[in-house]
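K.L.:
Sequence plus the predicted model coming up.
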Amino acid sequence: MGETTSAPSTVVLFPQGVSVCEATVVLAEAAGDEGPVVIVTDRTPFHPLDHTWPDQPGDRGTITLGRREHAVVDAVTMAVGPDGTLHRGEEIPARRTDPGWSFLVGHVLETPPDGSPADLVGEQVGLAVDVARRSSLSAAHTACHLMSLALNMELRDLWRKVPRTDCLGSPDFDQAAITRSSITPWESVDRYRLGKSLRKAGFDAEALPGRLDAVREGVTARLSEWIAARGRIAIDTDGPWINSRRWWGCELPPGPARLPCGGTHLGNLGELASIDVRIVIGEGELVVNTTAKQS
Ligand SMILES: [Zn+2]
């Protein structure tokens, strides 16, 4: 990486649930001397790892160049600034709305294509996401959002001051305390800080250990009720590009839920049979393991 280039932001098709498409190569190069070849196309169904909130991993799948199919082992977010320098992942120094910047989806190839990567620019290729893995990540991501809303509800009595509320009107513990969310097939692990700043914000962290069993039971009961209602899920977006803003919307028994989210999701809660949660208090943090099961 590091060579100069220019390209418009990548159009993404995963918000509409698309998993296969034809596209044109706009950029192809090796990441360093020994690194894998990364291919950028004008549009893609691949969901890349986000560079600012890396919760959902990049999609895997295949790219067909000519007659040869290559495995895509990762999808990453890249960006090109006004000076034409290409940046990748966490090294991106810009925000997605910064003027003069293009944001791109890079498909990381397992094996290099024949010839020089630069010769691929302008070629038509076929892109196909591994849909079984995608579904398992979508299920985990949907379950993770539901868990956060149920957790906010079950912790509402532990706030001494009213902080910002979530889309269902509960004090937003998730927003106030989350430090990291990791999504893997069928599972997510969410970590919440319980330290001084949260107590200052008005959360009674000392009372939490004595309430943990009740909180877990409450969250589990709510999640079962919500899944049973089989609410529809929709992704809204303000544009077709990878750096456009997107929101997850879901019909739930308490009302419509809406959260900013760049990830992928199920289409309906009826696709889930159950969501199990394990909640433990670690060193200065609350750790929630959420496991989704397919119906
Ligand atoms: Zn999300």
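P.N.:
Cool, the structure landed. Residues are numbered from 1 along each chain as shown.

K.L.:
My understanding was that residue 166 contacts residue 175; is that so?
P.N.:
Yes: the criterion here is C-beta atoms under 8 Å, and residue 166 meets it with residue 175 at 6.9 Å. All C-beta atoms are positioned from the backbone trio N, CA, C, and that covers glycine.

K.L.:
Of those two, give the one with the bigger neighbour count.
P.N.:
A direct count of neighbours by other C-beta atoms under 10 Å for residue 166 and residue 175 places residue 166 higher, at 21 against 14.

K.L.:
mind checking the end-to-end distance for stretch 89-99?
P.N.:
19 Å (C-alpha to C-alpha, to the nearest Å).

K.L.:
got the buried residues for that stretch?
P.N.:
Buried positions in stretch 89-99, judged by neighbour count with 16 or more other C-beta atoms under 10 Å: 89, 92, 94, 96.

K.L.:
so how far is that stretch from its chain's centroid?
P.N.:
Offset of stretch 89-99 from its chain centre (C-alpha atoms, centre = their mean, to the nearest Å): 17 Å.

K.L.:
again with stretch 239-256
P.N.:
In terms of C-alpha atoms, centre = their mean, the centre of stretch 239-256 is found 12 Å from the chain centre.

K.L.:
And it, end to end?
P.N.:
In stretch 239-256, first residue to last residue: 22 Å (C-alpha to C-alpha).

K.L.:
Then stretch 266-279?
P.N.:
From its first residue to its last, stretch 266-279 covers 24 Å (C-alpha to C-alpha).

K.L.:
can you tell me if it touches the ion.
P.N.:
No: applying C-beta under 5 Å from the ion, one finds stretch 266-279 out of contact with the ion, separated by at least 12.3 Å.

K.L.:
which residues touch that stretch?
P.N.:
For stretch 266-279, the external contacting residues (C-beta atoms under 8 Å, 6 or more residues apart in numbering) are 17, 135, 138-139, 142-143, 146-147, 212, 215-216, 219-220, 223-224, 226-227, 229-233, 250, 286-295.

K.L.:
Quick one: check the longest helix seen in the chain for contact with the ion.
P.N.:
In the chain, with assignment by DSSP state H, the single longest helix is helix 131-154. No: Helix 131-154 lies out of reach of the ion by C-beta under 5 Å from the ion, never closer than 5.6 Å.

K.L.:
Fine by me, thanks again.
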